[in-house]
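Chemist: just need the structure, nothing else, for what follows:
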Amino acid sequence: PKSMAEKPKSLDEVDPKLLATYDKLGIPLKEQMLLAGVETADTVEQGERKVAVDAVFDSVSVGTTFQKELKSAGVIFCSISEAIKEHPELVKKYLGSVVPVTDNYYDRSKVMWTQVETGSAVTWKYPSCILRGDDSQGEFYSIAITNNHQQADTGTKMVHLGKNTKSRIVSKGISAGFAQNTYRGLVSMHPKAKASRNYTQCDSLLIGDKCGAHTVPYIEVKNNSSRVEHEATTSKVDDDQLFYCRQRGMDEEEAVALVVNGFCKDVLQALPMEFAMEAQQLVAISLEGSVG
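Modeler: Here you go, the predicted model:
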């Protein structure tokens, strides 16, 4: 669907690929129906756990659950695009009010960004962290997966302004098929950022011989007491690893998913448990068809 007006009204109208994705993620049929917008809260048995969800697939909201039940309690639950259209005055009043733009810049503060990129034909994304307060910290953990003809150009910017600031960047890029994957990052140590430190780890994994991986780090150091470390590795999925997994009864796609999840463990460990489990499944789904 390209808009909420085109959302499906029955399971027969839902893209089979979408239903298959729900199934692979371990979502039961009843939840599939809820996510597809077919079943309402009134049809859910009493005592069953109810979780309101706005399901987004390929950057489009395909269904929002429990709207009627929440509305009766005075809660408006919808996608941001629908909110802008239906409730512009509320969006204008409250957007950015919970976490204001002036937040997270005081001394000894910490900002942590964790992301898993698996979709879009072309992805450009560079979340930034300005370490203005003394002793503040910034951390960035990223997994970017490209398959078929996808292109991803992702990274981060860590700008050190305060004294004794620290930043850590861990980036994992996986390329398969004809895809291209680029890490592009900036680490900037300003003159007043005395005794600051940065550590960057940028690892790339290639699946097949027609994909590509690129690392483009930018490092600026404008004082003589800061330290910047950058490590980068590029490797291919080892045939011996796949052979070992196949001898244990796995097919080739399962073996690749296992190897890739092990490759990404540093980032997956930074996620809450429920999100880490989902991320592992999404990694496996994103790499389907990348071998064989």
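
Chemist: C-alpha from now on. contacts and neighbour counts both.
Modeler: Noted.

Chemist: where does pLDDT dip in the chain?
Modeler: Judged by pLDDT under 70, the chain has its weakly predicted residues at 1-15, 18-19, 21-51, 55, 57-59, 62-63, 104-105, 274, 289-292.

Chemist: regarding it, what is its longest helix?
Modeler: helix 273-286 (DSSP state H).

Chemist: contact partners of that one?
Modeler: 21, 24-25, 116, 118-119, 145-147, 253-254, 257, 260-261, 268-269 (Cα atoms under 8 Å, 6 or more residues apart in numbering).

Chemist: how far does that helix sit from its chain's centre?
Modeler: Centre-to-centre, helix 273-286 and its host chain are 10 Å apart (Cα atoms, centre = their mean, to the nearest Å).

Chemist: on that earlier part again, among the contacts of helix 273-286, which lie within strands?
Modeler: Using DSSP state E, the subset of the contacts of helix 273-286 located in strands is Val116, Ile145, Thr146.

Chemist: which one (most neighbours) among those residues?
Modeler: Most neighbours among the ones in strands among the contacts of helix 273-286, by other Cα atoms under 10 Å: Thr146, with 30 neighbours.

Chemist: write the PyMOL selection for whichever of the contacts of helix 273-286 are buried.
Modeler: Of those, the buried ones can be selected in PyMOL as follows, counting by 16 or more other Cα atoms under 10 Å:
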select buried, resi 21+25+116+118+119+145+146+147+253+254+257+260+261+268
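
Chemist: and which of the contacts of helix 273-286 is nearest Gly208?
Modeler: Gly208 lies nearest to Asn147 out of those, by Cα to Cα, at 10.5 Å.

Chemist: and that closest one, what does it touch?
Modeler: By Cα under 8 Å, 6+ apart, the contact list for Asn147 reads Ser175, Ala176, Gly177, Phe178, Ala179, Ser286, Leu287, Ser290.

Chemist: can you count the residues close to His214?
Modeler: Neighbours of His214 (other Cα under 10 Å): 17.

Chemist: what number of residues lie near the closest residue to it other than its chain neighbours?
Modeler: Closest residue to His214 in three dimensions, ignoring its sequence neighbours and counting by Cα to Cα, 6 or more residues apart in numbering: Thr182, at 4.6 Å. Neighbours of Thr182 under the rule other Cα under 10 Å: 21.
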